[in-house]
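Chemist: just the structure for this:
(chains A and B)
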Amino acid sequence: GGIITQTPKFLIGQEGQKLTLKCQQNFNHDTMYWYRQDSGKGLRLIYYSITENDLQKGDLSEGYDASREKKSSFSLTVTSAQKNEMAVFLCASSILGGSAETLYFGSGTRLTVL
Amino acid sequence: GDSVTQTEGLVTLTEGLPVMLNCTYQTIYSNPFLFWYVQHLNESPRLLLKSFTDNKRTEHQGFHATLHKSSSSFHLQKSSAQLSDSALYYCALGDYNQGKLIFGQGTKLSIKP
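Modeler: Numbers count the residues shown, from 1 in each chain, chains lettered A, B, ... in the order given. Alright, predicted model coming up:
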């Protein structure tokens, strides 16, 4: 088995601040994802990466940047945090690209913007 | 574009009653994969079951679902609800040719004693 580790678990920022969330996986999976979870809105894809140094935009990429420097790690940057923003950011990975594969999720980073 | 619809935001049931959570989808692809993910409180989502075979029942942990391409549906069912089934359930649509999984908005299932 493997594990996906997200850091930090809780992130509190100020309006306009640039914030970075990190994700590491030891499954040796090719594809990694960042999802945003808001109550009543489901899981919305921000970015995904099918291999090292690859980046693909999801439906919610505006306001975010991502980076996949290594196969095992995928980071997400909130470029300018919005006041009163609260959400959980979930990192996930799958063995191959293509959305027919099972996703394995990390435990999430909970963001609060003051 | 592709989409997944879960019509119920919240389903509240008494323990022992049958469960049915609705999921319908729209896609241009002829070979969709459908998934149910479950997320218990303070945990991350995990796969409950998945299917790509038309009209074949898929079962796991007491839950079952059948992909019906004719009606674009993949409803989740269980014969008798347990308190431990209380969780958030997501239906999701995928395809080998697509890089991204499309999630529905989720259904919160609350089981009362």
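Chemist: low-confidence bits of the chain, can you list those?
Modeler: Assuming you mean chain A. A:97-99 (pLDDT under 70).
Chemist: nope, chain B please
Modeler: B:96-99.
Chemist: is chain A contacted by stretch B:71-84?
Modeler: No: applying C-beta under 8 Å from any C-beta of the partner chain, one finds stretch B:71-84 out of contact with chain A, separated by at least 14.1 Å. C-beta here means a position set from N, CA and C on the backbone, and glycine is covered the same way.
Chemist: tell me which residues in that stretch are buried?
Modeler: B:S72, B:S73, B:F74, B:H75, B:L76, B:K78, B:A81 (16 or more other C-beta atoms under 10 Å in any protein chain shown).
Chemist: stretch B:101-113 now?
Modeler: Buried residues in stretch B:101-113, defined by neighbour count with 16+ other C-beta under 10 Å: B:L101, B:I102, B:F103, B:G104, B:Q105, B:G106, B:T107, B:K108, B:L109, B:I111.
Chemist: same deal with stretch A:87-106?
Modeler: For stretch A:87-106, burial by neighbour count (16+ other C-beta under 10 Å) applies to A:87-94, A:97-106.
Chemist: by proximity to chain A, which residue of chain B wins?
Modeler: B:G94 (3.1 Å; C-beta to the nearest C-beta).
Chemist: was I right about that residue contacting B:N31?
Modeler: No: under the criterion of C-beta atoms under 8 Å, B:G94 makes no contact with B:N31, lying 10.2 Å away.
Chemist: who's more crowded, those two?
Modeler: Neighbours were counted for B:G94 and for B:N31 using other C-beta atoms under 10 Å in any protein chain shown; B:G94 has more, 27 against 13.
Chemist: okay, and the beta partners of that one?
Modeler: B:F33 (DSSP bridges).
Chemist: which residue packs closest to residue 91, ignoring adjacent ones?
Modeler: Went with chain A since none was named. Nearest non-adjacent residue to A:C91, counting by C-beta to C-beta, 6 or more residues apart in numbering or on different chains: A:C23, 3.5 Å away.
Chemist: please refer instead to chain B.
Modeler: Closest to B:C91 by C-beta to C-beta, 6+ apart is B:C23, at 3.5 Å.
Chemist: and A:Q37, by the same measure?
Modeler: A:V88 (4.4 Å).
Chemist: next SSE after the helix or strand that contains the one you found?
Modeler: According to DSSP states H and E, A:V88 maps onto strand A:86-94. Next along the chain after strand A:86-94, taking DSSP H and E as the criterion, comes strand A:104-105.
Chemist: who does that next one pair up with?
Modeler: With DSSP bridges as the test, strand A:104-105 pairs up with strand A:86-94 (antiparallel).
Chemist: what's the strand it pairs with in contact with?
Modeler: A:4, A:6, A:21, A:23, A:25, A:27, A:29-38, A:43, A:46, A:74, A:76, A:101-106, A:108-113, B:44-45 (C-beta atoms under 8 Å, 6 or more residues apart in numbering or on different chains).
Chemist: quick check on these: which are buried?
Modeler: A:4, A:6, A:21, A:23, A:25, A:29-37, A:43, A:46, A:74, A:76, A:101-106, A:108-109, A:111, A:113, B:44-45.
Chemist: can you give me the strands for chain B?
Modeler: Applying DSSP state E to chain B gives strands spanning B:3-5, B:10-14, B:19-21, B:24-26, B:33-39, B:46-51, B:57-60, B:63-66, B:76-78, B:87-94, B:102-103, B:107-112.
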